[in-house]
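*Asks:* this one's structure only:
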């Protein structure tokens, strides 16, 4: 991946304020020209909004905490219940929206842990090279030799079900990807002449890392992190579907679909709507990530 | 070239060792007492103590690790509490079904993905192209278990065209095994009606498992095709009045073949991983469902065994892709890296 | 062929113990095979070691006993024994066996086989042993002649006859020929049979498919006539209700159980399918661990009992159940409606809770149920919802039945609440009363670990009481005492339901059979 520099069209201006403004306008222009990215931004925006204010706007907040209304169970979508009701009579719309919050913190936590572990290891491997690099990269490869979901399944099977264990398992599965990314970047930057120049001038390793290496890692990191948010949420929902996710009555998209299986095909709405939310959320993050990649690296040749 | 292969093999062995370490660590971090897990739910305390001693679970961790490795070398993966059989026996029975599903999925991904991608490139920026691009992006975002349920809902629940799950129905006896894969064996034995029945069961899960790969293949072929269409060579050919369609297709195919194969090879491993989800939805008797059922019953050895097997297959697939790439790409072949 | 066995169930597998050529499941020549599907496997077939609904369904098909329960209300009919009498002076029962009964391998079923079987059951001291071990010693069983057996009990016991149908007779020669290390043949009988019943094992894969072939010359003959009798029975384990329902609708299986209430309602309206719905004698209770954890405190248990929304039980079942008004099922002799039976009264619940270590709640308990049983899962959610006002959190955990029993029978690891169906094995009230004595510990009906010495005495006294009126009065007191001890949340008696295709004939409901258990002997599939 090449370096994250602004295209020539954007020349630095004199006033710093103006530069930021121009940058923002440029971003907006790029995004505006790219419908998929716009869609992604929209979807992610809605997702974040629902996660933030969801509990305040849902019709039956108690339905996410175990309230039961068995008299109205398994009803099809209607004006009173837009997504219908589930087997305990809970409003599915409420539960799906409340689950947004769960998904957000799950995705965020997994990505954050992975980043926090991945960056130092990646930088150490790429910058210092040698034995350190070999050791770190071999260990990283070890974790990458099994498809993520299978490894996560094994870890959760060992730890026991529950959403916290799922997060831990997925974080363990995710961090190697960041090590690889940062290592590649750090390696490239290490070879840059300005790094040698800085060393010659007596700059310490720490200064070089913080002032030169890290900032240039930010953009690929942001791209990967934003795509990973979506994939992490999908992975967590998958674990929930297998039955190793959140414990009842906590609403969680994957777990809802798992229960809904017993009620197919007659009560189809039960599985359709949670899945739709997963799909749109992940799609949003994927599109956003793609769009960010376009912005930061327009020459990446996506055609 | 040989040096290249040797290095890759060496790396794989190292990674394999790492996989063994990881699986051992994971199985020993279980909060549940492994002796109780191994003894099974009906065991009395003395039985558990006996098992603990028999399996060496009262020894220090490094000793246990050596015993574990020795056991692996002899092909022992433990015993499943739920089925009562050796994990290796169970895996030998379930693996062909998963392989069958994954191979079918790969065939679908390549068989439909390549023409679709190329067609989208030819009709660039028209409806087909947009659809293909949307599909390429959403392919990754679609939860496989959800789309599987939806397809079941439509094709099995509402239309009744396809069965709701399983590899064959109760009424059909499977063909006498040659490869262990029902579709292949039915063909080899000339049982075409049975083949048809098995295909009806296999088509939906294969489609679902192929979706992410299909999306990637479409993307690659579309990109390759666009490049080819814009290349000087094609422009020159057109100028000479040579029929572009045939040349374009052949050239695009040649160019796309390598990255497509590489992608598919990598996807093989990921598909093995998603077997866990797809087999659950479709009740498909493969190692994915085996692992999920075992995990749900807190039966740990099968989960570990499945992880190891999938890991090994994954590494083999990566190795093959690396070698194939190295062989096909003359630069790598010459350099020997 | 091994592969076929689990192709559909998709669950774990292979036994491969028999290598017969592949047959079509559903037909054998012109005869049909009856295919039954439920969610519970049969890991242990040995009739003297274990029983639950799926296991006994297989045992009843493969083995015979001296007598048999049929019909509703349940009655005992002669089987291997054609007649019996009890001695005038003492506690001796003499059984006269039929002459023509044979084991599957040709050996005659004689008095020695009966003696051996009872001795084996008593000596192994598992499974059915509890029913007789206090009254019968192996030395008290005598072979009078090849077709006569005498049982001399340690004391008079009126209930002796009611337990006879559950003691199956095994072939001593075959069992001992396969005994290892003095295990009395337990390893062998885990997945092999030495029986004389109407069916024998053709293929045995306990987690997926159990294929039984009919014995054409079964010594008792076939009630529907040899022309109509099935070629065999297949019990197919399908763990999830959705694929099981689908298999029924497609005609791949003929009869199912373990379905959700919604499924039964829908299936009842489906042409070609009929649902048999029978008011049950099976209490569904939430057993509480009276020895460890917060539920060891009687006040805590009372608080829970008065907080539960019992209406939810009926709603979950879509009305196909009746609430329990006593620890005894309604159909049981001696049943009374216990006064002051707990119902939802939050004020009372809070009053009880105030006397515990957690007057304001703030504690969590585990609710454990059998994974795959949707009704139990929903009841768990109902319990969770009911206890929220008390600030008691409920952790709902599903696990397979064998794991659940293993955890629950150990008082230290036993969860606070376990959802269990316990069908009484006979219509005599002593069997239900016995479930709440200290002798029940270690069995699945005793997972509450109640140890009330006064109750033990009352149950013992009632069991041997000769005067019927006194006896029933004693049981009335026992019921009140059990409710006072509150070892379980007394829930409901679920209507016992099966869904089957229209052409399944001969099914007779018998209330003493366990939840999904079916007697296959009189059944067949009609039609071309």
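*Replies:* Now that the structure is in, tell me what you want to look at. Just so it is clear, the model here is predicted, and its values are computed rather than measured.
*Asks:* what's the nearest residue to residue C:268 if we skip its chain neighbours?
*Replies:* residue C:275 (4.2 Å; CB to CB, 6 or more residues apart in numbering or on different chains). C-beta here means a position set from N, CA and C on the backbone, and glycine is covered the same way.
*Asks:* close enough to count as contact, that neighbour and residue C:498?
*Replies:* Yes: Residue C:275 lies in contact with residue C:498 (CB atoms under 8 Å); the separation is 7.3 Å.
*Asks:* okay, residue A:108 and residue A:246: tell me how far apart.
*Replies:* 16 Å (CB to CB, to the nearest Å).
*Asks:* of residue C:275 and residue C:498, which one has the most company?
*Replies:* residue C:498 (23 against 19; other CB atoms under 10 Å in any protein chain shown).
*Asks:* so, low pLDDT: which residues of chain C?
*Replies:* C:1-29, C:528 (pLDDT under 70).
*Asks:* give me the residue from it nearest chain B.
*Replies:* Distance from chain B to each residue of chain C (CB to the nearest CB) is smallest for residue C:406, at 3.3 Å.
*Asks:* what about that residue, how many residues nearby?
*Replies:* With other CB under 10 Å as criterion, residue C:406 counts 19.
*Asks:* show me what secondary structure element comes after the helix or strand harbouring it.
*Replies:* Using DSSP states H and E, the element containing residue C:406 is helix C:401-408. Sequence-wise, the next helix or strand downstream of helix C:401-408 (DSSP H and E) is strand C:417-421.
*Asks:* neighbouring strands - and their directions - for that next one?
*Replies:* Strand C:417-421 has the following strand partners under DSSP bridges: strand C:283-288 (antiparallel), strand C:363-370 (parallel).
*Asks:* tell me if residue B:160 really is in a strand.
*Replies:* No: counting by DSSP: H, G, I helix; E, B strand; the rest coil, residue B:160 is not found in a strand; it is coil.
*Asks:* and it, how far from residue B:200?
*Replies:* The spacing between residue B:160 and residue B:200, counted by CB to CB, is 12 Å.
*Asks:* of the two, which one has the most company?
*Replies:* Higher neighbour count among residue B:160 and residue B:200: residue B:200, with 15 against 11, using other CB under 10 Å.
*Asks:* which residues touch the more buried one?
*Replies:* Contacts for residue B:200 (CB atoms under 8 Å, 6 or more residues apart in numbering or on different chains) come out as B:162-163.
*Asks:* host element of it?
*Replies:* helix B:192-230.
*Asks:* try residue C:213
*Replies:* strand C:209-214.
*Asks:* name the helix or strand for residue A:196, please.
*Replies:* For residue A:196, the host element (DSSP H and E) is helix A:193-200.
*Asks:* quick revisit: show me what the strand holding residue C:213 is packed up against.
*Replies:* helix C:4-7, helix C:53-62, strand C:199-205, strand C:232-237 (3 or more CB pairs under 8 Å, 6 or more residues apart in numbering or on different chains; DSSP states H and E).
*Asks:* I'd like to know which of the ones you listed is closest to residue A:126.
*Replies:* helix C:4-7 (49.4 Å; CB to CB).
*Asks:* up against chain A, what does the stretch 201-337 of chain B have?
*Replies:* Residues of the stretch 201-337 of chain B lying close to chain A (CB under 8 Å from any CB of the partner chain) are B:222-223, B:226-227, B:269-270, B:272-274, B:276-277, B:280-281, B:291-292, B:294-296, B:298, B:300, B:303-304, B:306-307, B:310-311, B:314-315.
*Asks:* mark which of the residues you listed are part of helices, please.
*Replies:* The members of those that map onto helices under DSSP state H are B:222-223, B:226-227, B:269-270, B:272-274, B:276-277, B:280-281, B:291-292, B:294-296, B:300, B:303-304, B:306-307, B:310-311, B:314-315.
*Asks:* go back to these and keep what's next to chain C.
*Replies:* Answer for those near chain C (CB under 8 Å from any CB): B:294, B:296.
*Asks:* following element in sequence after the longest helix along chain A, please.
*Replies:* When chain A is parsed with DSSP H, its longest helix is helix A:92-123. The helix or strand immediately downstream of helix A:92-123 is helix A:130-143, counting by DSSP H and E.
*Asks:* for that next one, name the packing helices and strands.
*Replies:* Using 3+ CB pairs under 8 Å, 6+ apart: helix A:130-143 touches helix A:92-123, helix A:163-190, helix B:2-28.
*Asks:* kindly report which one of the ones you listed carries the lowest mean pLDDT.
*Replies:* When those are ranked by mean pLDDT, helix B:2-28 comes last with a mean of 80.
*Asks:* what's that one packed up against?
*Replies:* Looks like helix B:2-28 contacts helix A:130-143, helix A:148-159, helix B:61-73, helix B:300-328 (3+ CB pairs under 8 Å, 6+ apart).
*Asks:* where does the stretch 401-528 of chain C come near chain B, residue by residue?
*Replies:* Contacts of the stretch 401-528 of chain C with chain B, taken as CB under 8 Å from any CB, map to C:402-403, C:405-407.
*Asks:* now the two most distant members of these.
*Replies:* Checking those with CB to CB, the most distant pair is C:402 and C:407, at 9.9 Å.
*Asks:* looking at those two, which is more packed in?
*Replies:* Taking neighbours as other CB under 10 Å, residue C:402 and residue C:407 compare with residue C:402 leading, 22 against 19.
*Asks:* isn't that one up against residue C:40?
*Replies:* No: look at residue C:402 against residue C:40 with CB under 8 Å: they stay out of range, at 9.6 Å.
*Asks:* ok and the residue in chain C nearest chain A?
*Replies:* The nearest approach of chain C to chain A comes at residue C:315, 3.6 Å away (CB to the nearest CB).
*Asks:* which residues sit in contact with that residue?
*Replies:* Applying CB under 8 Å, 6+ apart to residue C:315 gives the contacts A:70-71, A:73.
*Asks:* tell me the buried residues within these.
*Replies:* Neighbour counting by 16 or more other CB atoms under 10 Å in any protein chain shown classes A:70, A:73 among these as buried.
*Asks:* kindly provide the distance from the residue of chain C closest to chain B to residue C:368.
*Replies:* Plainly put, residue C:406 is 11 Å away from residue C:368 if you go by CB to CB.
*Asks:* equivalent analysis for residue C:316, please.
*Replies:* For residue C:316, the distance to residue C:368 - CB to CB - is 17 Å.
*Asks:* quick check: angle from the helix or strand following the helix holding residue B:200 to helix B:192-230?
*Replies:* Once the chain leaves helix B:192-230, the next helix or strand it forms, by DSSP H and E, is helix B:232-239. With axes from the mean of the first three to the mean of the last three CA atoms, to 10 degrees as the basis, helix B:232-239 and helix B:192-230 are set at 90 degrees to each other.
*Asks:* need the residues of chain C near chain A, please.
*Replies:* Counting by CB under 8 Å from any CB, the residues of chain C near chain A are C:240-242, C:260, C:262, C:266, C:312, C:315-316, C:374, C:377-378, C:380-382, C:384-385, C:388, C:395-396.
*Asks:* buried ones only from the residues you listed, please, as a ChimeraX command.
*Replies:* What follows is the ChimeraX syntax selecting those of the residues of chain C next to chain A that are buried according to 16+ other CB under 10 Å:
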select /C:240,241,242,260,262,266,312,315,316,374,377,378,380,381,382,384,385,388,395,396
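*Asks:* among the residues of chain C next to chain A, which are located in strands?
*Replies:* Counting by DSSP state E, the residues of chain C next to chain A place C:395-396 in strands.
*Asks:* narrow the residues of chain C next to chain A to those in helices?
*Replies:* C:241-242, C:262, C:266, C:312, C:315-316, C:374, C:377-378, C:380-382, C:384-385.
*Asks:* tell me which two of those residues sit farthest apart.
*Replies:* Every pair of these checked by CB to CB; the farthest is C:266 and C:384, at 26.8 Å.
*Asks:* nearest residue to the middle of chain A?
*Replies:* Centroid-nearest residue in chain A, with CA atoms, centre = their mean: residue A:229, separated by 0.5 Å.
*Asks:* contacts only, for that one.
*Replies:* By CB under 8 Å, 6+ apart, the neighbours of residue A:229 are A:107-108, A:111, A:285.
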